[in-house]
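Engineer: My questions concern the predicted model and sequence given below.
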Amino acid sequence: MSATLGQTEVYSLLSLSLACFGILANTFHGDGEPLIASIAFSGLAFSICYALVRWLGNAFMQRGFKGRDLCKLKKTEIPETMGAVAALVYLFILVIFIPWPFYKDIVAATSGGGNRDVMKELEEVETGRLLHRFPHNKLASYLSAILSLQSIVLLGIGDDMFDIRWRHKVLIPAVAAIPMLIVYFVDFGVTQMVVPKPLRPYLGELFDLGWLYYAYMALLSIFSSNSINILAGINGIEVAQSLVIAVLIVLNDILYLSPFAPYPHPATDSHLFSLYLLLPFIGVSLALLMHNWYPARVFVGDTYCYFAGMVFAVDGILGHFSKTLILLLLPQGFNFVYSAPQLFKLVPCPRHRLPHFNARTGLLEASRVEFKKPLSLPIAASLKLLHRLRLLDVETDEKGQVVSSSNFTILNLWLVWFGPMREDRLALGLLGFQTAVGLLGLFVRHRMALLVFTADNW
Ligand code: UD1
Ligand code: MG
């Protein structure tokens with residue numbers, strides 16, 4: 001990969017950055033206009049990430065961060081772990097952004113209602129700067145989000161450097177979630193769940209999950225990060241699926257913030273918070289995708305997958321819409337459940353399960369796992385049943401013994417269903433499917449929720 005930017009790229013990135021700086025300089029006239037500032041920062045995040053991914057590629061290769069593109073005729077080595085660049089740009093942007101959402105409050109808290117000329121009463125001077133007016137709880141949420149994301153990035157880079165074992169990997173996000181869970185505990189602390197109508201006679205209207213609610217949130221972080229990492233292996237799919245999820249959450253946020261939504265809505269602030277976390281994420285991810293899309297010039301590494309999953313978990317939990325988030329993660333959830341027989345070693349799991357590249361046709365086919373030892377009866381029978389349901393491609397020998405099957409991922413299942421295809425067609429197909437499921441999920445969430453719950457919180 002050429003390590004320099006072309007002329008058009010330089011001009012486009014420069015003009016985008018200048019426009020964003022201009023917008024930022026203007027935000028200080030009013031209340032800080034945090035949403036506008038956040039959009040401008042996301043544009044900056046895009047430009048910086050785009051340029052850095054290009055400039056740093058060779059340095060990463062020299063340090064050994066490289067991988068072979070397995071689905072190509074020439075299996076060339078390209079930089080790996082470039083998601084770390086995206087994640088770091090993102091974190092710095094979040095940190096620099098801190099003054100904006102709190103600008104109004106900082107002014108109010110430091111000058112007695114925004115009026116700096118007022119003579120201060122002695123009492124007020126002694127309590128300092130009327131700090132009680134400042135929304136410390138919101139700042140704490142924001143800082144805990146940054147801290148959780150920072151931990152996951154550190155741990156992700158560790159994994160990319162040392163290939164941590166699967167059973168240890170799983171726990172990484174749970175540890176990273178601690179700062180956010182503590183703030184949730186101290187600040188919000190709601191561990192009750194609204195009970196669906198049919199269950200109300202037994203459980204009442206609200207059911208207190210207590211500490212289980214914290215376990216649920218930790219599990220959500222584990223699930224969200226790891227499920228993105230195992231829906232991986234073809235160019236662009238890790239980043240593009242994350243972008244689809246992010247854009248769908250933004251859509252959901254906009255439903256609460258649009259001029260047509262009732263205002264002030266109790267959820268306005270948490271959905272603004274969600275946007276502040278997601279817009280820069282979209283910025284860096286787009287820049288990364290432009291280098292990772294077919295034919296990929298860089299790989300994103302496990303760092304990106306963990307980081308993206310954690311952004312969603314933090315966003316959903318601190319933004320109080322974790323159930324909506326689960327709806328948007330349904331394709332990843334299906335892939336996870338479908339993968340379970342291999343993940344939990346009921347059937348062998350090769351190191352790589354990504355589709356197989358057929359050098360003769362140039363197309364991807366479902367990759368297969370061979371069963372050297374005969375499978376136990378119930379497992380062989382289950383595989384045959386899955387084959388009959390068209391959920392797996394199983395090969396049997398003349399004695400009826402199962403000798404091989406397609407690997408248990410939706411990437412391979414897609415190829416079993418629709419036949420061999422080029423790498424980018426496969427990615428686009430799955431992304432289209434994911435978008436459709438996500439939109440349907442949101443529709444169900446907002447239109448049908450009334451059937452199961454008495455009130456939609458919209
Ligand atoms: C996960 C999957 C594994 C899959 C791998 C691909 C499970 C349990 N693990 O493992 O089955 O093969 O992701 O990312 O489901 N690569 C490509 N093209 C791409 C992306 C990756 O060829 O578009 C290859 C490259 O050689 C790259 C390597 O995959 O170096 C990265 O694999 P890694 O992320 O380390 O695998 P895992 O996350 O452990
Ligand atoms: Mg990976």
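Structural biologist: Right, received. Where do you want to start? Numbering: from 1, shown residues only. Ligands and ions are numbered 1, 2, ... in the order given.
Engineer: Can you read off the pLDDT for Val416?
Structural biologist: Val416 is assigned 97 on the pLDDT scale.
Engineer: For it, give me its contacts.
Structural biologist: Counting by C-beta atoms under 8 Å, 6 or more residues apart in numbering, Val416 touches Ala366, Arg390, Leu392, Asp393, Ser406. C-betas here are computed from N, CA, C, even on glycine.
Engineer: and if you look at Leu279?
Structural biologist: Each residue near Leu279 by C-beta under 8 Å, 6+ apart is listed here: Ser38, Ile39, Phe41, Ser42, Val250.
Engineer: again, only using 10 Å
Structural biologist: 35, 38-43, 45, 93, 97, 246, 250, 253 (C-beta atoms under 10 Å, 6 or more residues apart in numbering).
Engineer: Arg353 too?
Structural biologist: By C-beta under 10 Å, 6+ apart, the contact set of Arg353 is 230, 232-233, 339, 342, 366-369, 406-409, 411-412.
Engineer: Do I have it right that Glu9 meets Tyr50?
Structural biologist: Yes: counting by C-beta atoms under 10 Å, Glu9 touches Tyr50, with 7.7 Å between them.
Engineer: More neighbours: which of these two?
Structural biologist: Per other C-beta atoms under 10 Å, whichever of Glu9 and Tyr50 has more neighbours is Tyr50, with 24 against 15.
Engineer: Not counting sequence-adjacent ones, nearest residue to that one?
Structural biologist: Computed as C-beta to C-beta, 6 or more residues apart in numbering, the closest residue to Tyr50 that is not its neighbour in sequence is Ala287, at 3.9 Å.
Engineer: And Ala177, by the same measure?
Structural biologist: Once flanking residues are discounted, Ala177 sits nearest to Ser221: 4.2 Å by C-beta to C-beta, 6+ apart.
Engineer: list the contacts for the one you found?
Structural biologist: Contacts of Ser221 (C-beta under 10 Å, 6+ apart): 148, 152, 172-178, 180-181, 306, 309-310, 312-314, 316-317.
Engineer: Ramachandran angles for it?
Structural biologist: phi -60, psi -40 (degrees, to the nearest 10).
Engineer: before we move on, the earlier item: ok, and of the contacts of Leu279, which contact ligand 2?
Structural biologist: Filtering these for proximity to ligand 2 by C-beta under 5 Å from the ion leaves nothing.
Engineer: of these, closest to ligand 2?
Structural biologist: When the contacts of Leu279 are compared for distance to ligand 2 (C-beta to the ion), Ala246 wins out at 18.8 Å.
Engineer: Leaving out sequence neighbours, find the closest residue to Ile146.
Structural biologist: Closest residue to Ile146 apart from its sequence neighbours, by C-beta to C-beta, 6+ apart: Leu94 at 5.5 Å.
Engineer: Any figure for the gap between Lys372 and Thr324?
Structural biologist: Per C-beta to C-beta, to the nearest Å, Lys372 is found 44 Å from Thr324.
Engineer: Give me the more crowded residue out of the two.
Structural biologist: Using other C-beta under 10 Å, the more surrounded residue of Lys372 and Thr324 is Thr324, with 19 against 8.
Engineer: so how far is ligand 1 from that one?
Structural biologist: As judged by C-beta to the nearest ligand atom, to the nearest Å, Thr324 and ligand 1 stand 26 Å apart.
Engineer: Around ligand 1, which positions in the stretch 351-458 of the chain sit nearby?
Structural biologist: His352, Arg353, Leu354 (C-beta under 6 Å from any ligand atom).
Engineer: any chance of these in a markdown table, plus pLDDT and secondary structure?
Structural biologist: Shown next, in a markdown table, are those (pLDDT from 0 to 100; DSSP: H, G, I helix; E, B strand; the rest coil):
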| residue | pLDDT | secondary structure |
| --- | --- | --- |
| His352 | 93 | coil |
| Arg353 | 96 | coil |
| Leu354 | 96 | coil |
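Engineer: can I get those in JSON lines with distance to Asp269?
Structural biologist: Output for these, formatted as JSON lines (distance: C-beta to C-beta, whole Å):
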{"residue": "His352", "distance to Asp269": "44"}
{"residue": "Arg353", "distance to Asp269": "42"}
{"residue": "Leu354", "distance to Asp269": "42"}
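Engineer: Cross the contacts of Leu279 against helices and list the overlap.
Structural biologist: Taking DSSP state H, the ones among these that sit in helices are 35, 38-43, 45, 93, 97, 246, 250, 253.
Engineer: Name the next helix or strand following the helix or strand of the chain with the lowest mean pLDDT along the chain.
Structural biologist: Counting by mean pLDDT, DSSP states H and E, the chain has its least confident helix or strand at helix 122-126, which shows a mean of 46. Downstream of helix 122-126, the next assigned helix or strand under DSSP states H and E is helix 136-162.
Engineer: distance between the helix or strand just after that next one and the chain's centre?
Structural biologist: Going down the chain from helix 136-162, the next helix or strand is helix 166-169, by DSSP H and E. In terms of C-alpha atoms, centre = their mean, to the nearest Å, the centre of helix 166-169 is found 19 Å from the chain centre.
Engineer: likewise stretch 200-210?
Structural biologist: In terms of C-alpha atoms, centre = their mean, the centre of stretch 200-210 is set 31 Å apart from its chain centre.
Engineer: quick check: mean pLDDT across it?
Structural biologist: Averaged over stretch 200-210, pLDDT sits at 79.
Engineer: What's the end-to-end length of it?
Structural biologist: Between the opening and closing residues of stretch 200-210 lies a distance of 18 Å (C-alpha to C-alpha, to the nearest Å).
Engineer: distance of the nearest residue to Ala313 once chain neighbours are set aside from ligand 1?
Structural biologist: Leaving out its chain neighbours, the residue that sits closest to Ala313 by C-beta to C-beta, 6+ apart is Ser221, at 4.1 Å. As for Ser221, its distance to ligand 1 is 17 Å (criterion: C-beta to the nearest ligand atom).
Engineer: what do you get for Glu9?
Structural biologist: Counting by C-beta to the nearest ligand atom, the gap from Glu9 to ligand 1 is 23 Å.
Engineer: what do you get for Val250?
Structural biologist: 26 Å.
Engineer: Just give me the neighbour total for that residue.
Structural biologist: If we define neighbours as other C-beta under 10 Å, then Val250 has 17 of them.
Engineer: What strand or helix carries the spatially closest residue to it that is not a sequence neighbour?
Structural biologist: Of all residues not flanking Val250 in the chain, Leu278 sits nearest, at 5.6 Å (C-beta to C-beta, 6+ apart). Per DSSP H and E: Leu278 is located in helix 268-292.
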